[in-house]
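>>> got a predicted structure here, sequence first:
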Amino acid sequence: MIGGATALSPLVLSAVQARWTWSVWPLALAIGFVIACLPRLPEADDETRSIFWPRGLLPFVLVVLVYAICEGSFGSWASVYLSVDKHLGNYAGTLALSAFWGSMALFRGVLAPLPQRWISRRSLLFASAVGIAACFAGLPWLSGVGALVGAFALAGAASSIYYPFAMSLSLARFPRQQTQVAGLIVAALMVGEGLGSYGLGLLQQVQALDHIYLASALWGVPLLIGGWLVSRPK
C-alpha cells in the first residue's frame, strides 16, 4: 500500500500543480495525517517491552540499511536523472518515479503471497540483490524515455520484496520483541533512505549521476551476503 501511494503521489502533485498551486497538495496531506491519527492505536503487550535491542538483530538492521540506500538512490533521483541528467523533461522524470514505486507495489503484492514450496524466500532475496545491482549497472547505458522508464520499473520490481522479507524474517526470529524489532527495522529503513537521497546529492558535486549509479551496482555484494545471513535457519 505504501508503494502504491508513493507511485500516485508524483502524478497527483503534477495534476494539483497544473490546476491549482503546489501548496494545495501538502495541505491535503496534512489534513489526511490528522484524520489518520484520530483513531486510538493499540498498545503493545507487556511481553514486547523486555529488551530494547534484541541480541542478534544487527544483521537484519544493517541489511535493511543497505537496501534502503539503494531504494533512496532509485526513488529520490529517478525524476532528476531523466529530466536533468538525460534532458528528457519533467514529465519523463515524473513517469520514471511513478514507474519505480508502482512496479514495487505491484510485485510486492504478487511475490509476497507465493507459497515457499514454490520458491524460497532466500532465493527471492538473492534474485532481488542481483536485480538491484543489474539495474544500477544498466541505467547509465540507456537513453530514451521508454528504455529508462522501463529500467526504473524493473528496479522497482527488483527492490520490491527485499525489505518485506527482511522485516518478516526479523519478526519471526524475535517473536517476543516484535514491537522493538519492527521499530528498529523501520528506523534503519528511514536512515538508509536519507543516506541514499542526500548522499547522492553530495556525491554529484564530484561525480556525475551516471557514474554514481554505475558504482552503486557494488551494493549487490552486501545485499547478497546480508540475504544469506538473515535467511539462515535459527
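Happy to help now that I have it.

>>> now do stretch 86-95, average pLDDT.
Per-residue pLDDT values across stretch 86-95 average out to 86.

>>> what about that stretch, start to end distance?
Between the start and the finish of stretch 86-95 there is a gap of 14 Å, counting by CA to CA, to the nearest Å.

>>> list the buried residues in it.
Taking 16 or more other CB atoms under 10 Å as the basis for neighbour counts, the residues of stretch 86-95 that come out buried are K86, L88, A92, G93, T94, L95. Heads up, the C-betas are built off the backbone N, CA and C, glycines and all.

>>> quick check: phi and psi on L142?
phi -100, psi 160 (degrees, to the nearest 10).

>>> ugh, wrong one, Q204
Per-residue torsions, Q204: phi -70, psi -10 (degrees, to the nearest 10).

>>> got a pLDDT number for the closest residue in space to it that isn't next to it in sequence?
Counting by CB to CB, 6 or more residues apart in numbering, I212 is the residue found nearest to Q204 once chain neighbours are left out, at 7.0 Å. As predicted, I212 sits at a pLDDT of 91.

>>> please identify which helix or strand holds I212.
Taking DSSP states H and E as the definition, one finds I212 inside helix 209-216.

>>> repeat that for G156.
If you go by DSSP H and E, G156 is part of helix 145-159.

>>> for that helix, the distance to its chain's centre please.
Helix 145-159 has its average C-alpha position 14 Å from the chain's average C-alpha position, going by CA atoms, centre = their mean, to the nearest Å.

>>> so what does that helix touch, helix or strand wise?
Helices and strands touching helix 145-159, as assessed by 3 or more CB pairs under 8 Å, 6 or more residues apart in numbering; DSSP states H and E, comprise helix 58-75, helix 90-111, helix 121-138.

>>> same for the helix or strand following that helix, what does it pack against?
Read in the C-terminal direction, the helix or strand following helix 145-159 is helix 162-173, with elements assigned using DSSP H and E. The contact analysis (3+ CB pairs under 8 Å, 6+ apart) places helix 162-173 against helix 58-75, helix 121-138, helix 178-203, helix 220-230.

>>> ok, and what's touching helix 162-173?
For helix 162-173, the surrounding residues in contact (CB atoms under 8 Å, 6 or more residues apart in numbering) are 56-57, 60, 63-64, 67-68, 71, 108, 112, 121, 124-125, 128-129, 132, 178, 181-182, 185, 189, 223, 226-227, 230-231, 234.

>>> let's see it at 7 Å
Residues external to helix 162-173 that are found in contact with it (CB atoms under 7 Å, 6 or more residues apart in numbering): 57, 60, 63-64, 67, 108, 112, 121, 124-125, 128, 178, 181-182, 185, 189, 230-231, 234.

>>> again, but for stretch 102-111
Outside stretch 102-111, the residues within contact range by CB under 7 Å, 6+ apart are G3, G4, A7, L124, A153, G156, A157, S159, S160, I161, P164.

>>> can you do 10 Å?
Taking CB atoms under 10 Å, 6 or more residues apart in numbering as the criterion, the residues outside stretch 102-111 that touch it are 1-8, 11, 71, 74-75, 119, 121, 124, 127-128, 150, 152-161, 163-165.

>>> and the buried residues of stretch 86-95, which is closest to W25?
Checking the buried residues of stretch 86-95 against W25 by CB to CB gives T94 as the nearest, at 13.4 Å.

>>> tell me how far that closest one lies from G102.
Counting by CB to CB, to the nearest Å, the gap between T94 and G102 amounts to 12 Å.
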